[in-house]
Structure formats: structure tokens, C-alpha cells
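Visitor: Turn this into a model:
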Amino acid sequence: MGKKTKEGAVIPSIDDWRDCDVCSRPIQVGTGGDSNWANHIDSKGHKQNLKKLCDKSNSKSLTAFFKPVPRPDYSVPSPVSTSESYTKERPENQARKLIVPSKNPTALTTLSLASERLGDAGSHTQISISADPTLLSRLRQLSATLPSHIPYGMASDPLGRLVSFDLSAGIAEGDDPYETVDPILNQTTQNITSTLYYLSLGSRSSFVRFNYDPSRESSPEIVLIEGPMANPSRLNDPPVRTSRSVLCPGFPLSLPSSISPFGAYPYLRHDVQNLPWKCASLEDHPALKSIQESIHFGAHKNTPLVYLSPHELVESVRRKTSENPSGLYQPRDYLEEEFHRILLFSKLGGGRVASIAQRSCFLPSACTAERKLKVQPLQSSPSYLTQQELHLNLSVVLPLPEFSTYAPEVPVVVCVDELKLEERL
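Guide: I've put the predicted structure just below:
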């Protein structure tokens with residue numbers, strides 16, 4: 001027995017032919033159909049023409065890279081309902097059509113490949129589509145190299161039935177409408193690949209039109225299908241490449257591994273000193289050298305507390321707390337005569353005598369005495385007080401810090417006694 005013919009299939013005839021866009025000539029397939037077409041695809045001449053076409057398109061794409069190309073404006077034709085044409089003719093009487101390129105790179109020609117019952121086989125229809133010629137050439141190459149086992153799309157195929165889909169039909173009472181819509185909107189690549197066809201049915205069936213009516217109970221919630229049904233956003237022009245600014249590499253500050261970086265760096269130093277560091281001169285900056293020495297070798301015992309790191313502040317508090325019970329450290333306030341006494345020891349005997357007197361007589365240090373007793377005298381006004389003299393006396397009485405990060409104004413309280421106003425005022 002011979003092989004049964006599938007119901008609805010088109011029986012090939014000896015006059016059937018196909019137009020090869022790679023070789024630019026018609027190929028007679030005859031009764032062999034797909035087998036003869038596959039033999040032509042595998043022929044040496046077809047492969048040579050395909051290679052020339054690929055080399056030509058690649059050379060054009062490389063030269064087009066160096067000159068600006070405006071972004072094309074894609075215009076998609078309005079969808080055409082195919083349900084009417086399916087009802088007028090039976091599937092076996094429909095024409096097998098193949099989209100082939102014409103001489104115009106922006107136009108597609110639809111040629112009839114059906115039997116003699118459809119009339120003139122050379123009749124064609126021009127469909128103008130504004131598109132990129134490079135994209136069309138790639139589509140021509142892909143369509144010319146499709147394997148022969150891919151069948152022609154028919155109205156009875158799965159994708160052909162989804163050209164127009166009514167949600168109100170085919171849903172039983174009590175079923176969730178979204179369960180019917182979800183498999184269609186969220187198809188995998190394997191499912192779509194298995195239903196690809198040559199014809200226009202294969203391309204139009206990729207766009208499913210839903211007859212959505214929110215008043216019906218059989219319609220799913222719009223929130224569930226809003227994402228898959230949304231239109232894709234338009235492509236934006238690529239940003240113009242600009243020269244990048246050179247980033248500052250900074251200065252790698254070496255820190256000991258035994259101390260955390262948050263405890264080794266003297267952060268409070270930035271509160272009393274203005275350190276306008278530059279990236280190019282960080283390594284030679286004296287303030288940074290002092291910070292590195294205090295981090296690795298420790299600060300001097302007479303260093304003010306504001307210059308110490310958090311780790312050194314904690315260690316100084318622990319040391320003084322342990323020295324307090326043994327009498328080595330006695331916090332107290334000094335009198336003015338004690339400042340004068342240690343200053344006298346420092347001027348007469350030098351630093352060693354002042355250090356011995358400080359420990360034996362429980363006096364303040366010589367540097368503390370010099371800082372306390374070094375007072376700039378006020379400038380008297382023999383006549384009317386000038387603005388310069390007023391600023392000088394205020395700076396002596398109320399010395400302001402060199403740098404403050406909190407507020408430009410410092411509140412003070414001034415106590416003045418025995419004010420005399422001029423009588424003329």
C-alpha cells in the first residue's frame with residue numbers, strides 16, 4: 001500500500017517551482033517538492049552564491065560603522081484578519097505562498113507557489129515596509145537556509161488558530177480565565193520553535209489578538225495580563241562616547257594589622273586643623289607624615305588629646321586610671337604662683353631641672369606654664385579708639401580658634417565694669 005496523504009495537504013505537480021533569492025533564479029521542484037528544494041540548497045553553486053552574499057553584506061556593515069546612520073522609523077502595517085479568507089476556501093485549495101525579496105531592498109514580494117487552479121502563478125503583490133536593508137538581507141539569508149523539514153503553515157495549525165482568540169469561547173463555567181490565557185502569553189522557546197512555518201500564517205500567528213471585555217465574568221483580571229500584553233518601548237539612540245575623566249587614585253595609607261582602621265586614624269585632628277590635601281602632594285604633606293608616625297610609632301606623651309587616635313585616647317584613659325590608686329597621677333588645678341615657680345626653674349636650670357621640679361614638687365610642666373603666662377598686653381588708646389586697636393584688643397582677650405567646622409560664629413559673654421559715656425553722646 002502507498003503512503004497515505006495527509007488530509008488538507010497540497011499535492012505537488014510537475015509545474016511547481018520556487019524562486020531562490022540567493023541564486024536569483026527560479027528552481028523547478030516538480031513532484032519531488034521539498035526533496036528537490038533541499039538538493040538545491042545543498043548544491044555547490046547555491047553555497048557559493050550564499051557565501052558571496054554574506055561577504056557583501058559584511059563588508060557593507062563594516063563600512064557603515066564609520067559613518068552616522070540615522071535611526072530608521074519602523075512602520076508596522078495594520079493587522080489583517082485572516083479568518084474571512086479561511087472560511088471562503090478550503091485548506092487544500094489555498095495557495096502556498098513564500099515571501100521573497102524584490103529588487104527594492106525595502107519591499108517584499110509575495111509570489112504564488114500553488115497549483116494551476118489559482119490562476120497566474122506570476123502574479124504578485126508589493127508590500128512596502130520601511131526597514132533597515134541590513135536587517136532585510138539577514139532575513140533573506142535566514143529564510144534561504146531554512147531546513148527542508150519545516151512545513152508550510154495552514155489555517156488548521158496551532159498558531160493559525162490563534163490569529164483571533166475570543167476569551168468568552170472555550171471556557172467552562174467555574175474555570176479561571178487566566179489559566180487559559182497564561183499558557184499562550186508565557187510560551188517557552190521550545191514551544192514556539194516547534195510551530196514555526198514558512199508562510200504568512202507563521203508570522204501573523206505570533207501576534208495573538210484577545211477580545212477582552214472587563215464586564216464579562218469570563219475575562220481575566222487586567223493586572224494579570226498587563227505585563228505580557230504591554231507594548232515594548234521604543235529604542236533610544238545610543239549615548240555618544242565621551243572622554244572619561246581621570247579618577248584620583250588616592251594615597252594608600254598603611255595601617256597596622258593589629259588595630260582597626262577606625263581606631264588607628266586620628267579623626268579629631270580634622271576638627272582643629274584645616275588640612276587642604278591634594279592628591280598629587282599627599283605623600284610629601286607634613287600633616288600626613290605626622291599622622292603616619294603616630295599610627296606606627298605612637299604619639300608623644302605630651303601630645304594634646306585632640307591629636308590622638310581613638311585607640312590612643314582609650315589607652316591614655318586606662319593608663320591614668322591605673323596610675324591613680326598608686327599616687328602616680330593626681331589630677332588637680334594649679335595656682336598662678338606655681339606656674340611662675342616652674343617657669344623660673346625652666347629659665348634658670350633648663351629643661352632637665354624643670355622636669356625634676358615638676359615630679360618632686362608636683363608642679364605643672366614648663367610648656368603649660370609658658371602657655372598660661374604668655375599673655376599679650378592690651379594696646380592703650382591715647383586718643384579716640386580706632387577700629388584697628390579695638391580688633392587687636394578683642395583678639396587678645398577673646399582668641400578665636402584657627403579653624404572650626406561647626407559654625408563661623410562663636411558665642412561669648414563679655415563682662416565690662418565702670419563704663420563711662422561721653423557727655424556729647
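
Visitor: T303: what's it in contact with?
Guide: When contacts are counted by Cβ atoms under 8 Å, 6 or more residues apart in numbering, T303 touches S294. Glycine gets a C-beta too; all of them are placed from N, C-alpha and C.

Visitor: part of a strand, is it?
Guide: No - using DSSP: H, G, I helix; E, B strand; the rest coil, the secondary structure at T303 is coil, not a strand.

Visitor: how close does it get to S290?
Guide: Distance of T303 to S290, given as Cβ to Cβ, to the nearest Å: 10 Å.

Visitor: go on, K51?
Guide: Separation of K51 from S290 (Cβ to Cβ): 73 Å.

Visitor: Looking at these two, which one has more neighbours?
Guide: Taking neighbours as other Cβ atoms under 10 Å, K51 and S290 compare with S290 leading, 15 against 11.

Visitor: Q358 - how many residues pack around it?
Guide: Residue neighbour count, defined by other Cβ under 10 Å, stands at 18 for Q358.

Visitor: Please report how far it lies from F339.
Guide: Counting by Cβ to Cβ, the gap from Q358 to F339 is 12 Å.

Visitor: what's the overlap in contacts for those two?
Guide: P364.

Visitor: Show me what the one helix or strand Q358 maps to is packed against.
Guide: Assigned by DSSP states H and E, Q358 falls within helix 351-360. Packing partners of helix 351-360 (3 or more Cβ pairs under 8 Å, 6 or more residues apart in numbering; DSSP states H and E): helix 336-349, helix 366-373.

Visitor: run the last query once more with 7 Å
Guide: Under the contact criterion of 3 or more Cβ pairs under 7 Å, 6 or more residues apart in numbering; DSSP states H and E, helix 351-360 touches helix 336-349.

Visitor: Give me the mean pLDDT for the helix it packs on.
Guide: The pLDDT scores in helix 336-349 average 91.

Visitor: Give me the angle between that helix and helix 351-360.
Guide: Using axes from the mean of the first three to the mean of the last three Cα atoms, to 10 degrees, the direction of helix 336-349 lies 150 degrees away from that of helix 351-360.

Visitor: which helices and strands does helix 336-349 pack with?
Guide: Judged by 3+ Cβ pairs under 7 Å, 6+ apart, the packing partners of helix 336-349 are helix 351-360, helix 366-373.

Visitor: mean pLDDT lowest for which of those?
Guide: helix 366-373 (a mean of 87).

Visitor: That helix: which residues count as buried?
Guide: Neighbour counts using 16 or more other Cβ atoms under 10 Å place A366, T368, A369 of helix 366-373 among the buried residues.

Visitor: Rebuild those as JSON lines, extending it with distance to S395.
Guide: Listed next are the buried residues of helix 366-373 as JSON lines, based on distance: Cβ to Cβ, whole Å:
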{"residue": "A366", "distance to S395": "26"}
{"residue": "T368", "distance to S395": "22"}
{"residue": "A369", "distance to S395": "23"}
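
Visitor: and which of those is nearest L343?
Guide: Set against L343, the nearest of the buried residues of helix 366-373 by Cβ to Cβ is A369 (4.4 Å).

Visitor: Would you check that that closest one makes contact with R341?
Guide: No - at 8.5 Å, A369 does not count as touching R341 under the criterion of Cβ atoms under 7 Å.

Visitor: Which per-residue confidence value corresponds to P364?
Guide: Predicted confidence (pLDDT) for P364: 90.

Visitor: wait, I meant S215
Guide: 55.

Visitor: tell me the mean pLDDT over stretch 384-395?
Guide: Mean pLDDT, stretch 384-395: 87.

Visitor: Buried ones in that stretch, by neighbour count?
Guide: Within stretch 384-395, the residues that count as buried by 16+ other Cβ under 10 Å are N393.

Visitor: what does it contact?
Guide: Under the contact criterion Cβ atoms under 7 Å, 6 or more residues apart in numbering, stretch 384-395 has outside partners L378, Q379, S381.

Visitor: Closest one to R25 out of these, please.
Guide: Ranked by distance to R25 (Cβ to Cβ), the contacts of stretch 384-395 are led by Q379 at 110.6 Å.

Visitor: With distance to P286 added, can I get the contacts of stretch 384-395 in a markdown table?
Guide: What follows is the contacts of stretch 384-395, written out as a markdown table (distance: Cβ to Cβ, whole Å):
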| residue | distance to P286 |
| --- | --- |
| L378 | 34 |
| Q379 | 34 |
| S381 | 41 |
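
Visitor: Reformat those as TSV; add pLDDT, distance to P325 and secondary structure.
Guide: TSV is the format used below for the contacts of stretch 384-395 (pLDDT from 0 to 100; distance: Cβ to Cβ, whole Å; DSSP: H, G, I helix; E, B strand; the rest coil):
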residue	pLDDT	distance to P325	secondary structure
L378	85	46	coil
Q379	85	50	coil
S381	83	55	coil
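
Visitor: F339: how many residues sit nearby?
Guide: F339 has 19 neighbours, counted by other Cβ under 10 Å.

Visitor: scratch that, P377
Guide: For P377, using other Cβ under 10 Å, the count is 7.

Visitor: Give me the three-state assignment for it.
Guide: Assigned with three-state DSSP, P377 falls in the coil class.

Visitor: I am finished for the moment; much appreciated.
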